[in-house]
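Engineer: need coordinates for the following:
(chains A and B)
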Amino acid sequence: MRFESPTTTKAAASLLAAEKGVAHVLAGGTDLLVRMKMGAIEPDLVVDVKRIDAMRELTVAASGVHIGGAVPAAALGESAKLRALWPGVVEAANLIGSDQIQGRCTVVGNLCNASPAADSVPALIAAGAKAIVVGPKGKRRIGADKVVLGPGKTSLARGEFIEAIVLPARAARSGDAYLRFTPRTEMDIAVVSAAVNLTLSRGIVKTAKVVLGAVAPTAVAVPAAARALIGSKLDDAALEKMAKACRAACNPIDDKRGTVEYRTKVAGVLARRAALLAYERAGGGK
Amino acid sequence: MPYETSYTNQGFNVVGSRVKRPDGIDKVTGRAKYGADMNAAGQLTAKVLRSPHAHALIKKIDTSKAAKLPGVKAIVTGDDFPDHTGGNRGMMDMLENCMARGRALYDGHAVAAVAAIDAETADKALKLIKVTYKKLPHVTDVDEAMKADAPIIHDWVRTAGVQPAPTTASNVAQRSEFGHGDVDAGFAEADVVIEKQFKTEQTHQGYIEPHACLAQLGPDGSGELWVTTQGHFTFRNVCSTLLGLDVAKLKVTSSEIGGGFGGKTHVWTEPVALQLSRKANRPVKLVMTRDEVFRASGPTSSTSIDVKIGAKRNGRITAATAELRYQSGAFPGMWAMFGAMTSFACYDLKNVKSVGFDVLVNRPKVAAYRAPSAPMAAFGVESVVDMLAAELGMDPVEFRIKNAAKKGTKASYGPVYGPIGIGPTLQAVKDHPHMKRRLGKNQGRGMACGFWFNFGGQTCTDLNVGVDGSVNLTVGTVDVGGSRASLGLIAAEELGIDYDQVRVTIGDTNSLGHNDTTEGSRGTFSSGMATIFAARNAIEVLKQRAAATWEIPVDQVVWEAGEARAKGKQNSNLPPLTLKEIAAKSPRTGGPIAGHNEVVADGAGVSFASHLVDVEVDPETGATRVLRYTVIQDAGKAIHPDYVEGQFQGGAAQGIGWALNEEYIYGDDGRLQNPGFLDYRIPVCSDLPFIDTQILEIPNPNHPYGVRGVGETSIVPPLAAIGNAVSNAVGVRMNHVPMSPPRILKAIEDAAES
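Structural biologist: Predicted structure coming up:
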């Protein structure tokens, strides 16, 4: 196995594109190294992107947020400005693993690992995040919801990797929230999760996004759930309609972590709780 | 010399104080050497190939390609382990569990092993071994395995304990029955009878350190084994038997141990590593992966239990019965027997009967887990006791106090109790401030009692006085919970010296006589007893040296406060001689000063505990949070209160994990689906509240200091205590452990529907 630590995204893309065998990008390594240790993958090339300055950048403003692909999740939690603008994204990123994992893991890695249960992904999609994809043919920008195709599968072409995640300009009176269910308080993986992102106008929901995790092969946006909230003050009827839409959008599996029945039911519960939390953060109800 | 083992109610100088443990600095600095920390020049790395099938014939193992791989130094399969057991079926089970012999009996069963120059080569070699299997029907559920049409695991098993003796094979290896009185008459007398079925899933001890050893065995049949174990003498004896070695020629050294909880009382990979070493004539290191630890080592039984208890309106239990079905994995065990023995041990019952069935399934061979089998039995019994109290409109603590066993009670498993702690722990629950905490919405409180026998066993200890007066105490019981500190305190107490003057070492198998494994909560009880006697023997020597120095008869010398004093007016001119002074002169007064003791430490005092817990359950997700937890247990005498409290807390923490989330999940294919800590959920720190403890001291009459074992009883009540608390919080009786969120939510919904 060859290990490379390029200092530019261009060099990284060239290395990845030139490799004939199995190539993997190493950011935090909290998934990659575990899979290597388990013997699930045997890479011929590992490209460490932590030496690339552009990928270690974190810039936070109401006009937009740039999260470099090698920025550890802990850094997001340490930014008071980011916590104020996108509390849901931050809480999602800060639920990955544990304190120790947080020091290494990245949201880009979380996205590219393509697990249906990834914590940061529903929150990124709800936030309308875009991924800046770098490859041998240059850069392109795609929605965060266009990266994952299924468990362990992404839309990235050979040689491509994600340089950064960008969050859009944040309107006033907006709030987001992410909640997940795990049997343990930490060091666990979501059995089901929900992210809600809202913008209010005079206490009424103007725009909404509702995204569920771990209930389908990828995180799923539920437009019908969002529609149920828009125009409401999150009264019980709107919330129940939203929860119902969420349950209808669930296509989970029965596995060791939860049953279809359980995931479907709790998806609605979490979406309701996340919606109320996002509403409160957006200044609703005050 | 005969020893006085009876309790003497003496005063103490250092026993009962909270001194620093001698292994503490090594452990926090990383200097302590665990199983995987030892290396030898030229060592090979061993890896084990394991069956992916729950049950399969092994038709052929082709190792030819692997053997040709450069760097591979030895390969073993079942054929490399000739039968040295002399017809001892238990030993053969142990050997067959270490390495399959013609049949893979569970997912993870070892079928071959390789020793190579490094891990990569060994891994490659495993992939080159071709095993031809023929899959056989399997069964992993205990109730299914008892059915007439279940696949038979071993055709030689006949159910023991039934008359007339069966002539056909069965998965029920043993039926055992305990009790007394007439239960039918007792139930006829009852005003209220409650009957309920319970299920508990299989759990693992969850020790953080995987099994690991460094083995060296030469062609001359002499060898050494460095291993993480709870009992290096037992490992020596078993490995010697299985490999046809002389016991004295195999030296086994126990490493520091990163948790055992009963799971490191049996050999797993050690005979394999030794045999690989013999074949390669090189040292072999074998460290299990976490996946292997889960699939092939440890676990406790999953169970299915029926409990029936009847009582009069006045709150007296008139009869109690239990049928307990425990799976023991792919080899016979006696786990249901322990369940049957412990189930009703807390109560004073006129009519009681418990029947245990030990059942074979295609799962790993069950090993002891902290008070093995008692937690599941207590879950059933203590749940029904709570239901009965509710039915009678009685406070659950009062109801238990009314029926608690006491001195003179004939225990359901046979013996008549001496002084015991069940009544006092219940009274302490009643008086505890925890009982006054107000419960909020969705919160519930539960309590439960627990019992464990405790064990004494063979023990051998040496105490050597250095020329500077420092003391080396060498014991043969592996320190799994702070026993070195406790034993150091005991030696210091007897000799009348400072604790810091004593260093306690765990001796290897060539430095002491046989010591039984550290199990049955015996470490501090039995080695403590042997330490007292060894110290008293050393004191006899010290007195003789003082007498010789003074040139007076030894019967005029007494040992007080760490010094020899000459008694009588005629000796008033002789100033006392301290241990230091006598030690300094020892080269000229007869040489080294030592005390030795070997003993079978009988009379381990039974141990009782009562636990109290408050929980909050989220009715929409079924998630349980433990809010407050209190452990009250009889320690007899707490030699070192920190480590007694540590045992109380540790047992409760493991019990909480077992009660709420831990379980082996098998697929329809009979394969374990969650062999890792991500999906086998032991609690993390933030899952647990501070676990409060209260030590009661009801002296064990059979130990000079009154010590009872404390290591195990603390895991007995939690399943039931939490079961009762959750049931009270959600208003539905929970009868399936673990009470995972999906199970709780389903129980709430089913109750709402009905």
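Engineer: could you say which helix or strand contains residue B:251?
Structural biologist: If you go by DSSP states H and E, residue B:251 is part of strand B:250-254.
Engineer: phi and psi next, for residue 182.
Structural biologist: This is for chain A. In terms of degrees, to the nearest 10, the main-chain angles of residue A:182 are phi -140, psi 150.
Engineer: to clarify, I was referring to chain B.
Structural biologist: Main-chain torsions, residue B:182, degrees, to the nearest 10: phi -120, psi 100.
Engineer: kindly report the same for the one 10 residues further on.
Structural biologist: Residue B:192 has phi and psi values of phi -130, psi 130 when expressed as degrees, to the nearest 10.
Engineer: check residue B:406 too.
Structural biologist: The phi/psi pair for residue B:406 (degrees, to the nearest 10) is phi -150, psi -180.
Engineer: list the contacts for it?
Structural biologist: Contacts for residue B:406 (Cβ atoms under 8 Å, 6 or more residues apart in numbering or on different chains) come out as B:348, B:417, B:420, B:422, B:423. (Glycine included, C-beta is placed from N, CA and C.)
Engineer: please, which helix or strand holds residue A:233?
Structural biologist: Assigned by DSSP H and E, residue A:233 falls within no helix or strand.
Engineer: can you count the residues close to it?
Structural biologist: Neighbour count for residue A:233, taken as other Cβ atoms under 10 Å in any protein chain shown: 14.
Engineer: interface residues of chain A facing chain B?
Structural biologist: Counting by Cβ under 8 Å from any Cβ of the partner chain, the residues of chain A close to chain B are A:39, A:98, A:181, A:183-189, A:191, A:255-259, A:261-262, A:265-266, A:269.
Engineer: quick one: buried ones out of those residues?
Structural biologist: Listed as buried from those are A:181, A:183-184, A:187-189, A:191, A:257-259, A:262, A:265-266, A:269; burial here means 16 or more other Cβ atoms under 10 Å in any protein chain shown.
Engineer: now for the helix or strand hosting residue B:377, which elements pack on it?
Structural biologist: Using DSSP H and E, residue B:377 sits within helix B:374-392. Here helix B:374-392 touches strand B:192-200, strand B:303-311, strand B:317-327, helix B:335-342, helix B:396-403, strand B:443-452, helix B:718-730, going by 3 or more Cβ pairs under 8 Å, 6 or more residues apart in numbering or on different chains; DSSP states H and E.
Engineer: distance of whichever residue of the stretch 101-250 of chain A sits closest to chain B relative to residue A:258?
Structural biologist: Nearest to chain B in the stretch 101-250 of chain A, going by Cβ to the nearest Cβ, is residue A:185, at a distance of 4.2 Å. The gap separating residue A:185 from residue A:258 is 17 Å, by Cβ to Cβ, to the nearest Å.
Engineer: tally of neighbours for residue B:514?
Structural biologist: Neighbourhood size, residue B:514 [other Cβ under 10 Å]: 17.
Engineer: can you tell me the closest non-neighbouring residue to it?
Structural biologist: residue B:233 (5.0 Å; Cβ to Cβ, 6 or more residues apart in numbering or on different chains).
Engineer: which residues sit against the strand or helix carrying that neighbour?
Structural biologist: Element membership of residue B:233 [criterion: DSSP H and E] is helix B:232-243. Helix B:232-243 has contacts (Cβ under 8 Å, 6+ apart) with B:81, B:84-85, B:88, B:91, B:94-95, B:98, B:217, B:225, B:227, B:229, B:245-247, B:249-254, B:265-267, B:270-271, B:274-275, B:278, B:476, B:478, B:508-509, B:514-517.
Engineer: wait, what's in contact with the residue of the stretch 101-250 of chain A closest to chain B?
Structural biologist: B:684, B:686, B:687.
Engineer: before we move on, what about residue A:96?
Structural biologist: The contact partners of residue A:96, by Cβ under 8 Å, 6+ apart, come to A:30, A:73, A:102, A:105, A:110, A:118, A:119, A:120.
Engineer: which of those residues fall in helices?
Structural biologist: Counting by DSSP state H, the part of those found in helices is A:73, A:102, A:110, A:120.
Engineer: domain ranges for chain A?
Structural biologist: A:2-167, A:174-281 (automatic domain parsing).
Engineer: which part of the stretch 351-500 of chain B gets nearest to chain A, residue-wise?
Structural biologist: At 14.1 Å from chain A, residue B:442 is the closest residue in the stretch 351-500 of chain B, using Cβ to the nearest Cβ.
Engineer: wait, that residue touches residue B:618, no?
Structural biologist: Yes: Residue B:442 lies in contact with residue B:618 (Cβ atoms under 8 Å); the separation is 7.0 Å.
Engineer: higher neighbour count, these two?
Structural biologist: Comparing residue B:442 with residue B:618 by other Cβ under 10 Å, the one with more neighbours is residue B:618, at 18 against 15.
Engineer: against residue B:737, how distant is that one?
Structural biologist: According to Cβ to Cβ, residue B:618 and residue B:737 sit 19 Å apart.
Engineer: now residue B:153, nearest residue through space, not along the chain?
Structural biologist: Per Cβ to Cβ, 6+ apart, closest to residue B:153 is residue B:360, 4.1 Å.
Engineer: okay, now the one you found: neighbour count?
Structural biologist: Residue B:360: 28 surrounding residues under other Cβ under 10 Å.
Engineer: select from the contacts of residue A:96 the one having the most neighbours.
Structural biologist: Neighbour counts for the contacts of residue A:96 peak at residue A:120, which has 33 neighbours (criterion: other Cβ under 10 Å).
Engineer: bridging residues for residue B:49?
Structural biologist: residue B:112 (DSSP bridges).
Engineer: so what does the nearest residue to residue B:296 once chain neighbours are set aside have for phi and psi?
Structural biologist: Nearest non-adjacent residue to residue B:296, counting by Cβ to Cβ, 6+ apart: residue B:108, 4.1 Å away. Recorded main-chain torsions at residue B:108 are phi 110, psi -10, according to degrees, to the nearest 10.
Engineer: residue A:268 now?
Structural biologist: Main-chain torsions, residue A:268, degrees, to the nearest 10: phi -70, psi -40.
Engineer: the spatially closest residue to it that is not a sequence neighbour sits in which helix or strand?
Structural biologist: Excluding the flanking residues, the one nearest residue A:268 by Cβ to Cβ, 6+ apart is residue A:243, at 3.4 Å. Here residue A:243, judged by DSSP H and E, is contained in helix A:236-249.
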